[in-house]
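Novice: only geometry, no sequence info:
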């Protein structure tokens, strides 16, 4: 009887571990300590690593102010190149 | 789709990245400003630019006097993009100011598909001075004091666990900004003040985060999409907060939880691009609260995302370069692991609106995202209430008040009606069901018919609001 109970305990523990493993899908949030939730600093590092450092479309220094653009255009003699769209991907907003 | 396609297909091209800063003054303008110019000198320049536009969005060049030299909506091939820059520079040499009439050249596709020229009206444009009206730029209006400016990054995680290397397109990498209004922060603060060590983060706060954590362009946002006939739902929106420390009036909350959202659209009229978008994320984070305000926010989420967007007819067309179909975009089909990060801090200095009246908004920009989000919550709540057999009539009355206020242009009253409707849904009392099952079914069907009618009216209103953007 005791052997059966012990076997049941082992099986239920194994089932619990399998169930917990099944819930872990996709990338997980890392923690400095596997048992403790991540600290603010740890989270901030994970967020900062998401930012792509050298994105091509960010290399063009888009202004958002038309008057400022016109002042620069008159000062330099260069034409304005206007990117007109729903919402504004300059200053990192989605388009 | 235009802007995202332009960013990855045109403004990531090495020649363009090299030449534009050197030979031009690049300015990114919200279409709402060009299509609905504000008052003042800036508005007059915007009106001049908008006068010749072939479409609400596009790439335009103007000379230093503010006269349009050329517009293009797309290009024959990648090599035509630097040729367009050459074309603009040639026109600038011929028309460097407003002393001679400047005809606006326009192209559906440069250079093969020219549209009709738009002649110069010879209207004298003003001197370039500082901004009128309270000294702020209409492109970046200041915000209500206490607003938290949030930044978000999202990135595909490859099968080997590394972050996606290609960050040109928005279906693999996004950067976004959004605001957390003071009233949403106050709801969180009230939950903190109730004193429990662990509590559920208010839905308004959780929903705002889930609304912005998605890959792709604005059109495919699963919640609060700007696309008409969009259906969005949050099947799981469960974030929990646990107090971890309190120091000098600041309470730090440790955040954990899950969001599952889904959005679909059969496609708008004349477009045909439909989409289905599902995102499942596990969240962890840290939020600092002082009084009624969030003073710091760091959140990370990881999970799975599926997105299909496009027009079935695209699949049958021969494959073309993305520059040839900027307005239409290209089909998207992703099923991937993803990670998102959000940081936030209160607006400060010039970002803060200091006037007595409500702060300015970009004219013609459509209903604020907060209002749209509340409408969607209300719609979902009414569906749930009807399914459970509850009495939707008190909420329907608030919906009618909302509609009347919007038609009268009274946005504050409209939002107040939405808030009352939401409170009724969240607090509200279900009518006691009669015991007889067939009577229950008849009652439910009657309520569903009434609810269906109200939802159709709401959908019509959302369509009107979207058409006005």
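Specialist: Happy to help now that I have it. All of these numbers come straight from a predicted model, not from anything done at the bench.

Novice: any idea which element residue 69 lies in?
Specialist: Chain wasn't specified; assuming chain A. For residue A:69, the element it lies in under DSSP states H and E is helix A:66-76.

Novice: Not quite, go with chain B.
Specialist: Assigned by DSSP H and E, residue B:69 belongs to strand B:68-72.

Novice: So which other helices or strands are in contact with that strand?
Specialist: Packing partners of strand B:68-72 (3 or more Cβ pairs under 8 Å, 6 or more residues apart in numbering or on different chains; DSSP states H and E): helix B:41-51, strand B:58-62, helix B:80-94, strand B:104-109. Every C-beta, even on glycine, is put in place using the N, C-alpha and C of the backbone.

Novice: Include mean pLDDT when you put the ones you listed into JSON lines, please.
Specialist: Below are the helices and strands packed on strand B:68-72 laid out as JSON lines (pLDDT from 0 to 100):
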{"stretch": "helix B:41-51", "mean pLDDT": "90"}
{"stretch": "strand B:58-62", "mean pLDDT": "95"}
{"stretch": "helix B:80-94", "mean pLDDT": "97"}
{"stretch": "strand B:104-109", "mean pLDDT": "95"}
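
Novice: In a markdown table: those, plus mean neighbour count and distance to chain A.
Specialist: Formatted as a markdown table, those follow (neighbours: other Cβ atoms under 10 Å in any protein chain shown; distance: least, Cβ to the nearest Cβ, whole Å):
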| stretch | mean neighbour count | distance to chain A |
| --- | --- | --- |
| helix B:41-51 | 20 | 5 |
| strand B:58-62 | 25 | 4 |
| helix B:80-94 | 17 | 4 |
| strand B:104-109 | 21 | 12 |
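
Novice: could I get those as a markdown table with distance to residue A:66?
Specialist: Formatted as a markdown table, those follow (distance: least, Cβ to Cβ, whole Å):
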| stretch | distance to residue A:66 |
| --- | --- |
| helix B:41-51 | 6 |
| strand B:58-62 | 9 |
| helix B:80-94 | 17 |
| strand B:104-109 | 17 |
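
Novice: closest to residue B:17 out of those?
Specialist: Of all these, it is helix B:80-94 that lies closest to residue B:17, at 11.1 Å by Cβ to Cβ.

Novice: picking that back up, does the helix holding residue A:69 come close to chain B?
Specialist: Yes - against chain B, helix A:66-76 shows contacts by Cβ under 8 Å from any Cβ of the partner chain at A:66, A:67, A:68, A:69, A:70, A:71, A:72, A:73, A:74, A:76.

Novice: need the next SSE after the lowest-mean-pLDDT helix or strand in chain A, C-terminal direction.
Specialist: Using mean pLDDT, DSSP states H and E, the weakest-scoring helix or strand in chain A turns out to be helix A:2-23, at a mean of 45. As assigned by DSSP H and E, the chain's next helix or strand after helix A:2-23 is helix A:40-48.

Novice: Tell me where chain B has strands.
Specialist: Taking DSSP state E as the test, the strands found in chain B are B:25-30, B:58-62, B:68-72, B:104-109, B:113-118, B:148-157, B:173-180, B:198-200, B:231-247, B:250-265, B:274-290, B:293-310, B:332-346.

Novice: Sheet-wise, list the partners of the shortest one with their directions.
Specialist: The pairing partners recorded for strand B:198-200 under DSSP bridges are strand B:231-247 (antiparallel).

Novice: Please apply the same query to the longest one.
Specialist: Paired strands of strand B:293-310, with direction, are strand B:274-290 (antiparallel), strand B:332-346 (antiparallel) (DSSP bridges).
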